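Asks: Pasting a predicted model and its sequence here:
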Amino acid sequence: MTATIDILTASRRPRLDERPLEKRVGLVILATDHTTEVDFQRMVASDRIGVYVSRIHYANPTTPENLLKMQPSLTSGAGLILPGEPLDAIIYSCTSASVVIGDAKVEAAITAAKPGVPVVTPTAAAVDALRAFGAKRISVLTPYTVETSRPMADYFAELGFEIDRFTCLGFTDDREMARIAPDEIAALALDATAPGSDALFISCTALRAAQVAGRVEQKIGKPVVSSNLATAWACLRLCGEDQARPEVARLMTMPYPEN
C-alpha cells in the first residue's frame, strides 16, 4: 500500500514578470518549412527576444496556384501565436506566396488576428534592405521554376528596380529547396550576380542562404540580401536591437528605415 504523501501549498504566491522575455516575434511558416525556425533561432532569438511559431497547411508543388491557397489560413495561423497576447513583430515566412498574394493582403489577413502588430513579409523586408543599401540595379537568384519566378521578377521591376540578371533553379518542392547545400548556394550566387548590379537578392525562406550571405559578399564585393536575412534584420530592428553583426552579413550593420 502506498503511503499518503503530504502536499503543501506555498505560503505566498510568487512574483510574476510582465513577460517571460522582453520582446516577442511571431512566425507564420509553412507546414513543410525546414529552415525559417533554425535561421531565426540563430539570428533573432536571445535572452531578450523570444521566437514563437505557428505552421499552416501547404502542399507542393510550388506553383502560383498552390501558393495562393495559403491566404485563407493566414488569419487563423497568426491567431494561434500566443492568443490574446501582444507581439512586437510577426512574419509570414514565404517569399513567393507574399508576391502572389500581395504584401498588403498578407498584412490585412494577419492584422485581423493580431491588430496593431507590425507585419513583415520577406518581399517587403527585402525591398527595405535593398533600398537601405541604395541599390537600384539588382541580380536575383531563386530556387523556383520560371513560372513561379516570373511574378517575383515583375514585383521588383514594378517597384523600380532594374534587374540585370535573374536566375532560377527549376525546383518545385520546397523540401528539396531546403536540402540545397549552403556551399552550393554560395557557388550559384557567384554565377547569378551580374557585374553591374548593386546587390544580389537570394529569394526563398527555404534556402539556407543566410548562412553564406557574408561569404558571398566577400567574393562579389556587393551586398547580399536573402529572404530570411531580410526578415530577421527587420524583426531585430523592430524589437529595438541595433547591434551591428557584420560577421552575419552587411545588412546586419544597417539601420531599419523609418516609415
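Replies: In hand now; what should we look at? Quick caveat, the model's predicted, so the values are computed rather than measured. Residues are numbered from 1 along each chain as shown.
Asks: Quick one: the strands in the protein, in order.
Replies: 23-30, 49-56, 89-92, 119-120, 137-142, 162-168, 199-202, 224-226 (DSSP state E).
Asks: Take those and write them to CSV, including mean pLDDT and distance to residue 3.
Replies: C-betas here are computed from N, CA, C, even on glycine. Formatted as CSV, these follow (pLDDT from 0 to 100; distance: least, C-beta to C-beta, whole Å):
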stretch, mean pLDDT, distance to residue 3
strand 23-30, 98, 45
strand 49-56, 98, 42
strand 89-92, 98, 51
strand 119-120, 98, 57
strand 137-142, 98, 66
strand 162-168, 98, 70
strand 199-202, 98, 64
strand 224-226, 98, 61
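Asks: Next, count neighbours for the residue nearest to residue 198 when sequence neighbours are not counted.
Replies: Leaving aside its sequence neighbours, residue 198 sits nearest to residue 135 (C-beta to C-beta, 6 or more residues apart in numbering; 3.8 Å). When neighbours are defined as other C-beta atoms under 10 Å, residue 135 has 20 of them.
Asks: how near is residue 135 to residue 105?
Replies: According to C-beta to C-beta, to the nearest Å, residue 135 and residue 105 sit 26 Å apart.
Asks: Could you verify my assumption that residue 188 touches residue 140?
Replies: No - taking contacts as C-beta atoms under 8 Å, residue 188 lies outside contact range of residue 140: 12.0 Å.
Asks: Neighbour count: the two, which is higher?
Replies: Between residue 188 and residue 140, counted using other C-beta under 10 Å, the more crowded position is residue 140 (26 against 19).
Asks: Surely that one and residue 157 touch.
Replies: No - assessed by C-beta under 8 Å, residue 140 is found out of contact with residue 157, at 10.3 Å.
Asks: Find the residues that touch each one of the two.
Replies: residue 163 (C-beta atoms under 8 Å, 6 or more residues apart in numbering).
Asks: List the buried residues in stretch 40-48.
Replies: In terms of neighbour count (16 or more other C-beta atoms under 10 Å), stretch 40-48 has its buried residues at 40, 43-46.
Asks: possible to save these as a markdown table with distance to residue 86 and pLDDT?
Replies: Conversion of these to a markdown table gives the following (distance: C-beta to C-beta, whole Å; pLDDT from 0 to 100):
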| residue | distance to residue 86 | pLDDT |
| --- | --- | --- |
| 40 | 19 | 98 |
| 43 | 22 | 97 |
| 44 | 17 | 98 |
| 45 | 18 | 97 |
| 46 | 19 | 96 |
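Asks: what sits in contact with each of residue 188 and residue 140?
Replies: residue 167.
Asks: quick one, helices of the stretch 51-200 of the chain?
Replies: 64-68, 74-79, 95-101, 103-113, 122-132, 146-158, 174-177, 182-192 (DSSP state H, counting those that start in this stretch).
Asks: Which elements pack onto the first one?
Replies: Using 3 or more C-beta pairs under 8 Å, 6 or more residues apart in numbering; DSSP states H and E as the contact definition, the elements that helix 64-68 packs against are helix 95-101, helix 146-158.
Asks: do you know how far residue 23 is from residue 185?
Replies: Distance, residue 23 to residue 185, by C-beta to C-beta: 30 Å.
Asks: More neighbours: which of those two?
Replies: residue 185 (25 against 20).
Asks: Can you give me the neighbour number for residue 191?
Replies: Residue 191 has 10 nearby residues by other C-beta under 10 Å.
Asks: who's in contact with it?
Replies: residue 167.
Asks: which regions of the stretch 101-250 of the chain lie under the pLDDT threshold?
Replies: Nowhere does the stretch 101-250 of the chain drop to pLDDT under 70.
Asks: Put together TSV for the strands of the chain, with distance to residue 181 on each row.
Replies: TSV is the format used below for those (distance: least, C-beta to C-beta, whole Å):
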stretch	distance to residue 181
strand 23-30	21
strand 49-56	25
strand 89-92	25
strand 119-120	27
strand 137-142	15
strand 162-168	17
strand 199-202	14
strand 224-226	15
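Asks: so which of those comes closest to residue 241?
Replies: strand 49-56 (6.8 Å; C-beta to C-beta).
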